[in-house]
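In: quick one, fold the following:
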Amino acid sequence: MQYRVGRLSEEIKKEVSQMIFEEIKDPRISSMTSITDIEVSKDLRYAKIYISVYGSDDEKKNTLEGLKSATGFIRHELGKRIKLRYIPELIFEIDNSIEYGAHISKILKDLDKQESESQ
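Out: Numbers count the residues shown, from 1 in each chain. Below you'll find the model as predicted:
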């Protein structure tokens, strides 16, 4: 069953990414949007889609609103493309892990620079 959940999440990731870049024409959705991860529940009823948006907080908020308003369309299209008895309910969330990683990397570089200057 775990294998099926992983396979389904990858298929959803591929299809939703394609829809975001090629089919959804909402101007609120940033062109610098990527799907970082998808968690599908064990019963296949819910899919939490984590997105990363490169840009300001306003761009992130607008992109999230645009995707939430397009959820019905995305789910309907998934139903056409993926043969399942039940298409999962889609939940979009902002993933800040990339920015967090960049922030930690910057801190480490600053510490390294300070350490080399003090020697």
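In: so L90 makes contact with A47?
Out: Yes - taking contacts as CB atoms under 8 Å, L90 lies within contact range of A47: 5.5 Å. No exception for glycine: its C-beta is placed from N, CA and C like everyone else's.
In: contacts only, for the residue nearest to the spatial centre of the chain.
Out: Within the chain, one residue has its C-alpha closest to the average C-alpha position: by CA atoms, centre = their mean, that is I51, at 2.1 Å. With contacts defined as CB atoms under 8 Å, 6 or more residues apart in numbering, I51 is in contact with 33-36, 63-64, 67, 92-95.
In: what bridges to it?
Out: Beta-bridge pairing of I51 under DSSP bridges involves I35, I94.
In: related to what we said a few turns ago, now, of the contacts of I51, which are buried?
Out: For the contacts of I51, a neighbour count by 16 or more other CB atoms under 10 Å gives the buried set as 33, 35, 63-64, 67, 92, 95.
In: and of those residues, the nearest to D43?
Out: Of all the buried ones among the contacts of I51, the one with the least separation from D43 (CB to CB) is F92, at 19.8 Å.
In: any idea of the pLDDT on the closest one?
Out: Confidence per residue is given as pLDDT, and for F92 that number is 94.
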